[in-house]
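Novice: Provided below for reference: sequence and predicted model.
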There are 2 protein chains.
Amino acid sequence: MLVSTRGRYALRVLTDMAEHPSEGYTPLKEIAERQGISEKYLESIVKTLVQEGLLLGLRGKCGGYRLAKTPEEIPVGEVLRSMEGSLAPVSCLEEGQPACPREADCRTLPMWTGLDRVIRDYLNGYTVADLVSAGGI
Amino acid sequence: MLVSTRGRYALRVLTDMAEHPSEGYTPLKEIAERQGISEKYLESIVKTLVQEGLLLGLRGKCGGYRLAKTPEEIPVGEVLRSMEGSLAPVSCLEEGQPACPREADCRTLPMWTGLDRVIRDYLNGYTVADLVSAGGI
DNA sequence: TGTAATCATACTGTTTTGGTAGGTTTATTC
DNA sequence: GAATAAACCTACCAAAACAGTATGATTACA
């Protein structure tokens, strides 16, 4: 049931960027240093965030990344789903999955469906902006 | 974020036993056949359930397993926690974990704590008895 | 004493996870 | 137009987790 480090790191990157707004683009190196995460590892994470439309990347000198939306418009659930592929607690609830043959007789499906809903509702009611303003110190 | 097959199978075993009550002890072979799961694999799962006090095992001829409590007294959350070790979505929320050095400054901890609560509340409000009565066909 | 069951231990193959390395392309600046 | 700093791309690797199998010892009952 653990969220992967990819998911957690992605949230830290987006929160970091929301906390350090910039006119232009922020190079990944800067974020990696602030967060104490390997820049090379972050590359693969950030790549996914660009593909999912949460970040914009610009190449070349003075390039880097910037948020594609305001922090208020980025739900935590969307970030985690982007990184994990799905938020579903069991694979039969993942989209594009063929229907389970046991479905009609399954004793646990309603319980899983409810859990899925509870998790999704919680995570989509929480945005990156909330993360920033909730933070410590 | 997926629940392991161990957790899912454990729920199926307990639900199966609740649905097929017996005076004495039910041999694992019977449950494995009804559920279409390898008996050998179930052995390791059931062993954990005994250790966690959810099942009682009896050796020898006419032996088997029986529920240690009524289905109403077995919350789904307890079953899953027994199998997964913890229900926490991030390891810093697991019990017996040394406090994270970033804790005071962590932007995401309150969000994770809330998620943990939401999941635990949901899963502990659902019992094996509910699974049985919710079921299909 | 035979038998049917739990219990214990060890092993194995596959997938996922977390991470590294090296090179290519692109945009800016001098 | 060359140097540079950045994103981007591909490949690889080690360790851990997962799902499952195999073998054998122990126990309780008939």
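Specialist: Sure thing, it's come through. Numbering: from 1, shown residues only, chains lettered A, B, ... in the order given.
Novice: CA only for contacts and neighbour counts going forward, please
Specialist: Noted.
Novice: near chain B, which residues of chain A are found?
Specialist: Along chain A, the residues adjacent to chain B under the rule CA under 8 Å from any CA of the partner chain are A:1-4, A:11-12, A:15, A:84, A:87-91, A:104-108, A:110-111, A:115, A:118-119, A:122-123, A:126, A:131-132, A:134-137.
Novice: now the buried members of these.
Specialist: A:1, A:3, A:11-12, A:15, A:84, A:87-90, A:106-108, A:111, A:115, A:119, A:122-123, A:126, A:131-132, A:135 (16 or more other CA atoms under 10 Å in any protein chain shown).
Novice: and the most centrally placed residue in chain A, backbone torsions?
Specialist: A centroid search over chain A (CA atoms, centre = their mean) returns A:V79, at 1.9 Å, as the residue closest to the centre. When read as degrees, to the nearest 10, the backbone of A:V79 gives phi -60, psi -50.
Novice: list the contacts for it?
Specialist: Counting by CA atoms under 8 Å, 6 or more residues apart in numbering or on different chains, A:V79 touches A:7, A:10-11, A:49, A:54.
Novice: and the helix or strand of chain A with the lowest mean pLDDT, what does it pack onto?
Specialist: Across the helices and strands of chain A, mean pLDDT, DSSP states H and E gives its lowest value to helix A:128-134, namely a mean of 93. Where contact means 3 or more CA pairs under 8 Å, 6 or more residues apart in numbering or on different chains; DSSP states H and E, helix A:128-134 is packed against helix A:5-19.
Novice: now do the next helix or strand after the helix it packs on, average pLDDT.
Specialist: The element immediately downstream of helix A:5-19 (helix or strand, assigned by DSSP states H and E) is helix A:28-35. Per-region confidence: helix A:28-35 scores 97 on mean pLDDT.
Novice: now, the buried ones among the residues of chain A next to chain B that are in helices?
Specialist: A:11-12, A:15, A:84, A:111, A:115, A:119, A:122-123, A:131-132 (DSSP state H).
Novice: let me know the closest of those residues to B:S38.
Specialist: Nearest to B:S38 among these is A:M111, at 24.0 Å by CA to CA.
Novice: surely the closest one meets B:V132?
Specialist: No. Under the criterion of CA atoms under 8 Å, A:M111 is not in contact with B:V132, lying 10.8 Å apart.
Novice: how near is A:L28 to A:E43?
Specialist: Noted for A:L28: a distance of 8 Å to A:E43, by CA to CA, to the nearest Å.
Novice: those two: which is more packed in?
Specialist: A direct count of neighbours by other CA atoms under 10 Å in any protein chain shown for A:L28 and A:E43 places A:L28 higher, at 20 against 14.
Novice: got the contact list for the nearest residue to the more buried one once chain neighbours are set aside?
Specialist: Spatially, and ignoring its direct neighbours in sequence, A:L28 is nearest to A:G64 (6.2 Å; CA to CA, 6 or more residues apart in numbering or on different chains). The contact partners of A:G64, taken as CA under 8 Å, 6+ apart, are A:25-28, A:57-58.
Novice: for the residues you listed, work out which two are farthest apart.
Specialist: With CA to CA as the measure, no two of the contacts of A:G64 lie farther apart than A:L28 and A:L58, at 10.9 Å.
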